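A.B. asks: No letters, just coordinates:
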């Protein structure tokens, strides 16, 4: 049954991709060109871009992220362009149809006016057939009368205007988004009130980063930018809330090496995300241990300062269930001192429902990328309780970071990459 569902889903996705590319070809190529070489070149370009997108999704998984950058860059950039081209064309469909109707009405009116008989005054001079004078040639029909009331030139001008507007808007949007995604993450500061926090722990600083996503488009330089941003915040503790890489530790371990340079008073901690399970979570846990980053796999420890303490806990991602390594809240949070607050690291915000049942004070999560590319934020809300920022679920404060990297397109629109400095304060 599972195999059948996978096949059905694959066929549905393939059909959607083909349909979307046909629509783009029609609006950007067929409607804007005359039959001939240019149209064939345009069709070939759309096919090649579509295949590059499929290659970007498949080849890095099959052959590893290193060595497949040549297909990942054009494929993933086209994925972003395709999204915004389709959105722009969709928005322009209504004005395009209205403009076509207006042009047809105008052309029909012009044709009707041209077809009216011309009155010749009585006695006016004109050719005399009796003297062998030829009659004047009949006026040529207007160009708009050929085939349809709307002449081909007018339709072409309109189609090209729509295509240029859609393409220009999409290129500008994606270009801006790439500058955001490929730049250094910004620093966001958030104060979280914690009811049971001892005043001696007031101002405790946790640098939260997630979704670093090392892979075919992000490597060692990206990790270095993230580490430098975190170290500038002078944190007490560093929390990496999952989705470190899209590739195995053997393939990308060297790109993660700058994490060894993270500096904080109480150390660096990690919990698994869904992409980590796709990339060999066990090997990454071992690799991170070599980099002085401790994984909280359904585990907790005490963080003490000045005679006061809170519990720091972490649970595995829900994806781990299919790897017999899922979240275990009872193991991570059971039998603890109820007078102490607890801060939980959990990759997906949806895990907050279980966290609230265990009286968790603060949950720090990632996963959503803040939507990464508008309007994907609207879809995230179908799967998660929130998209980004600070929220309350029962008595648990949930903070969701937008993450420092990206998945797929190297583009962020309305969701800049970030490292968050969380400060804990007594309520």
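C.D. replies: That came in fine, so what should we check first? Just so it is clear, the model here is predicted, and its values are computed rather than measured.
A.B. asks: Retrieve the pLDDT associated with residue 135.
C.D. replies: As predicted, residue 135 sits at a pLDDT of 58.
A.B. asks: ah, wrong one, I meant residue 147
C.D. replies: In this model, residue 147 is scored at 43, pLDDT.
A.B. asks: ok, which stretches of this structure are strands?
C.D. replies: With DSSP state E as the criterion, the chain has strands at 186-194, 204-209, 237-240, 268-270, 293-295, 299-305, 308-314, 342-345, 362-365, 389-393, 396-400, 418-426.
A.B. asks: Just send those back as CSV, with mean neighbour count, distance to residue 158 and mean pLDDT too.
C.D. replies: Every C-beta, even on glycine, is put in place using the N, C-alpha and C of the backbone. Listed next are the strands of the chain as CSV, based on neighbours: other C-beta atoms under 10 Å; distance: least, C-beta to C-beta, whole Å; pLDDT from 0 to 100:
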stretch, mean neighbour count, distance to residue 158, mean pLDDT
strand 186-194, 15, 42, 97
strand 204-209, 24, 49, 98
strand 237-240, 24, 52, 98
strand 268-270, 24, 55, 98
strand 293-295, 19, 58, 98
strand 299-305, 16, 63, 96
strand 308-314, 22, 58, 97
strand 342-345, 27, 55, 98
strand 362-365, 26, 48, 98
strand 389-393, 14, 43, 96
strand 396-400, 24, 44, 97
strand 418-426, 21, 43, 98
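A.B. asks: quick one: contacts for residue 233?
C.D. replies: Taking C-beta atoms under 8 Å, 6 or more residues apart in numbering as the criterion, residue 233 is in contact with 187, 205, 207, 419, 421.
A.B. asks: looking only at pLDDT, what's the mean for the longest helix that the chain contains?
C.D. replies: Under DSSP state H, the helix in the chain containing the largest number of residues is helix 69-115. The average pLDDT for helix 69-115 rounds to 90.
A.B. asks: Quick one: list the elements packing against it.
C.D. replies: If you count contacts as 3 or more C-beta pairs under 8 Å, 6 or more residues apart in numbering; DSSP states H and E, helix 69-115 packs onto helix 2-28, helix 37-63, helix 152-181.
A.B. asks: So which residues of the stretch 201-350 of the chain form helices?
C.D. replies: Along the stretch 201-350 of the chain, the stretches classed as helices by DSSP state H, counting those that start in this stretch are 220-232, 249-256, 274-278, 281-290, 329-333.
A.B. asks: Which of the contacts of residue 233 lies at the shortest distance from residue 26?
C.D. replies: Minimum distance to residue 26 across the contacts of residue 233 is 43.7 Å, recorded for residue 419 (C-beta to C-beta).
A.B. asks: My understanding was that that closest one contacts residue 228; is that so?
C.D. replies: No. Using C-beta atoms under 8 Å as the test, residue 419 is too far from residue 228 to be in contact (9.9 Å).
A.B. asks: Now do the contacts for residue 311.
C.D. replies: If you count contacts by C-beta under 8 Å, 6+ apart, residue 311 has them with 300-303, 336-337, 340-343.
A.B. asks: Just put these in TSV and tack on distance to residue 201.
C.D. replies: Below are those laid out as TSV (distance: C-beta to C-beta, whole Å):
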residue	distance to residue 201
300	16
301	15
302	12
303	8
336	16
337	14
340	10
341	8
342	13
343	11
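A.B. asks: Which one of the residues you listed is nearest to residue 114?
C.D. replies: Using C-beta to C-beta, residue 343 comes nearest to residue 114 of these, at 79.7 Å.
A.B. asks: Which residue comes closest to the closest one once chain neighbours are left out?
C.D. replies: In this structure, residue 343 finds its nearest non-sequential neighbour in residue 362, 4.6 Å apart by C-beta to C-beta, 6 or more residues apart in numbering.
A.B. asks: List the contacts of that neighbour.
C.D. replies: Counted by C-beta under 8 Å, 6+ apart, residue 362 has contacts 192, 194, 341-344, 396-399, 422, 424.
A.B. asks: try 7 Å this time
C.D. replies: 192, 194, 343-344, 397, 399 (C-beta atoms under 7 Å, 6 or more residues apart in numbering).
A.B. asks: Distance check, residue 82 against residue 56.
C.D. replies: Note on residue 82: its distance to residue 56, by C-beta to C-beta, to the nearest Å, is 12 Å.
A.B. asks: So for those two, which sits in the more crowded spot?
C.D. replies: More crowded of residue 82 and residue 56, by other C-beta atoms under 10 Å: residue 56, with 25 against 21.
A.B. asks: quick one: the nearest residue to the more buried one once chain neighbours are set aside and residue 54, what's the gap?
C.D. replies: Using C-beta to C-beta, 6+ apart and skipping residues adjacent in sequence, the residue nearest residue 56 is residue 75, 2.6 Å away. Distance of residue 75 to residue 54, computed by C-beta to C-beta: 7 Å.
A.B. asks: Please identify which of the two sits among more neighbours.
C.D. replies: For residue 75 and residue 54, the more surrounded residue by other C-beta under 10 Å is residue 75, and the numbers stand at 25 against 13.
A.B. asks: Contact partners for the more buried one?
C.D. replies: Contact analysis of residue 75 by C-beta under 7 Å, 6+ apart lists 52-53, 55-56.
A.B. asks: neighbours around residue 63, how many?
C.D. replies: Neighbourhood size, residue 63 [other C-beta under 10 Å]: 12.
A.B. asks: got it, and the one 4 residues further on?
C.D. replies: Per other C-beta under 10 Å, the neighbour tally for residue 67 reads 12.
A.B. asks: what's the answer for residue 266, then?
C.D. replies: The number of residues packed around residue 266, counting by other C-beta under 10 Å, is 16.
A.B. asks: And for residue 85?
C.D. replies: The number of residues packed near residue 85 is 24, by other C-beta under 10 Å.
A.B. asks: Give me the nearest residue to it, chain neighbours excluded.
C.D. replies: residue 170 (4.5 Å).
A.B. asks: my guess is the one you found meets residue 88, correct?
C.D. replies: Yes. Counting by C-beta atoms under 7 Å, residue 170 touches residue 88, with 5.6 Å between them.
A.B. asks: Tell me the confidence at the nearest residue to residue 96 once chain neighbours are set aside?
C.D. replies: Among residues not flanking residue 96 along the chain, residue 162 sits closest, at 5.2 Å (C-beta to C-beta, 6+ apart). What the model reports as pLDDT for residue 162 is 95.
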